[in-house]
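> 3D, please:
(one chain, ligands or ions: 1)
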Amino acid sequence: MLRLEGVNVHYGATRVLWDVAMEVGAGEIVAIMGPNGSGKSTVLKAAMGLKKPSSGVVSLDNEELQNKSATLRPKRGMSIVLERRRLFPRMSVEENVMLGAYTRKPSEARETFRWVLDLLPEIKPHLNATAGKLSGGQQQMVAIARGLMANPRVLLMDEPFLGLSPAMVKTVCSIMQMINERGVAILFNEQNAKLSFSMSHRGYLLESGRVVLSGSGEEMLDHPEVRRVYLGIRETAA
Ligand SMILES: Nc1ncnc2c1ncn2[C@@H]1O[C@H](COP(=O)(O)OP(=O)(O)OP(=O)(O)O)[C@@H](O)[C@H]1O
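From the prediction side, this is the model:
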């Protein structure tokens, strides 16, 4: 459904993505893993239309979107949960969540809001609280709720586990699986190889702006390069 083909991105004269090709099928969880600065966030921004590729194709269900405005994506079924949550700290939780529905009719938005609260009951008691007062984990849930308000078929998540406690990582991980079980495909990025690939159907390894490896989550975890460089496992000779 979501496809990137030959995507190149520059920041000024610096090229940061090199012919990136990726695909997210309906109902999949797909991870982009790679070290700091490898271009993971830029891939998501290019997919969402927040950074225009210098060349290449971004398509959703075969409709090319790379030259269209970012505001079309939510209407087509794409939504993003941005890194470090990017909430409006002085607005209430409910106001922040409802911002995710800016392209929807009020009646549809109300219905999705009920669905979102069903899925994320943890935020219910905080709806009137100021978003900036919540813990990091709670804020991440609010950000996810806001992303879901567009009723996406594909949800992009930029470093969803950044700065969370191990317990909260587990919670967010199971929320992502729950969202996925409701039929929403997820493309997310994360620096931890074990976490990325153990919870995804497929994964990509990005290094210096290039896709250097791809495969099922299991294949990625078993790959000698991933094991050696990212999992720190030294193979012993037989
Ligand atoms: N707005 C920008 N202007 C100039 N260069 C940028 C900008 N945003 C990112 N870059 C550069 O592009 C490259 C890729 O950055 P990106 O944030 O996509 O990587 P990342 O893999 O997501 O890294 P991290 O895990 O640290 O978030 C880096 O070299 C970064 O310095």
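> switch to C-alpha atoms for all contacts and neighbour counts from now on
OK.
> how about the nearest residue to residue 189, chain neighbours excluded?
Using Cα to Cα, 6 or more residues apart in numbering and skipping the chain neighbours, the partner closest in space to residue 189 is residue 32 (4.5 Å).
> any idea how far that neighbour is from residue 50?
Applying Cα to Cα, to the nearest Å, the value for residue 32 to residue 50 is 18 Å.
> Neighbour count: those two, which is higher?
residue 32 (28 against 14; other Cα atoms under 10 Å).
> Show the pLDDT at that one.
Note on residue 32: pLDDT of 98.
> which secondary structure element contains it?
Using DSSP states H and E, the element containing residue 32 is strand 29-33.
> now do residue 7
Using DSSP H and E, residue 7 maps to strand 2-11.
> tell me which residues of the lengthiest helix in the chain are tucked away?
If you go by DSSP state H, the chain has its longest helix at helix 166-181. Buried residues in helix 166-181, counted by 16 or more other Cα atoms under 10 Å: 168, 169, 171, 172, 173, 175, 176, 177, 179, 180.
> what residues are up against the last one?
What that stands for is residue 180. 27, 28, 29, 186 (Cα atoms under 8 Å, 6 or more residues apart in numbering).
> For it, give its distance to residue 166.
Separation of residue 180 from residue 166 (Cα to Cα): 21 Å.
> For the residue at minimal distance from the centre of the chain, give me the pLDDT.
Centroid-nearest residue in the chain, with Cα atoms, centre = their mean: residue 157, separated by 1.7 Å. Predicted confidence (pLDDT) for residue 157: 96.
> Let me see the contact set for it.
So residue 157 contacts 44, 80, 81, 82, 83, 186, 187, 188, 189 (Cα under 8 Å, 6+ apart).
> rewinding a little: and the contacts of residue 180, which is closest to residue 110?
Among the contacts of residue 180, residue 186 lies closest to residue 110 (Cα to Cα), at 23.1 Å.
> Test of understanding: give the bridge partners of that closest one.
residue 29, residue 155 (DSSP bridges).
> So it is in contact with residue 160, correct?
No: Residue 186 lies out of contact with residue 160 (Cα atoms under 8 Å); the separation is 11.3 Å.
> Show me where the chain has its strands.
For the chain, the strands defined by DSSP state E cover 2-11, 14-24, 29-33, 55-60, 63-64, 78-81, 154-157, 185-190, 202-207, 210-216.
> near the ligand, which of the contacts of residue 157 show up?
Taking Cα under 6 Å from any ligand atom as the test, the ligand is in contact with none of the contacts of residue 157.
> what's the farthest-apart pair in the residues you listed?
Most distant of these, by Cα to Cα, are 83 and 186, 14.9 Å apart.
> what number of residues lie near residue 229?
With other Cα under 10 Å as criterion, residue 229 counts 11.
> same question, residue 125
Other residues within reach of residue 125, judged by other Cα under 10 Å, total 9.
> Pull the contacting residues for the residue lying closest to residue 47 once chain neighbours are set aside.
Nearest non-adjacent residue to residue 47, counting by Cα to Cα, 6+ apart: residue 58, 6.2 Å away. Going by Cα under 8 Å, 6+ apart, residue 58 touches 2, 3, 4, 5, 7, 46, 47, 64, 65, 66.
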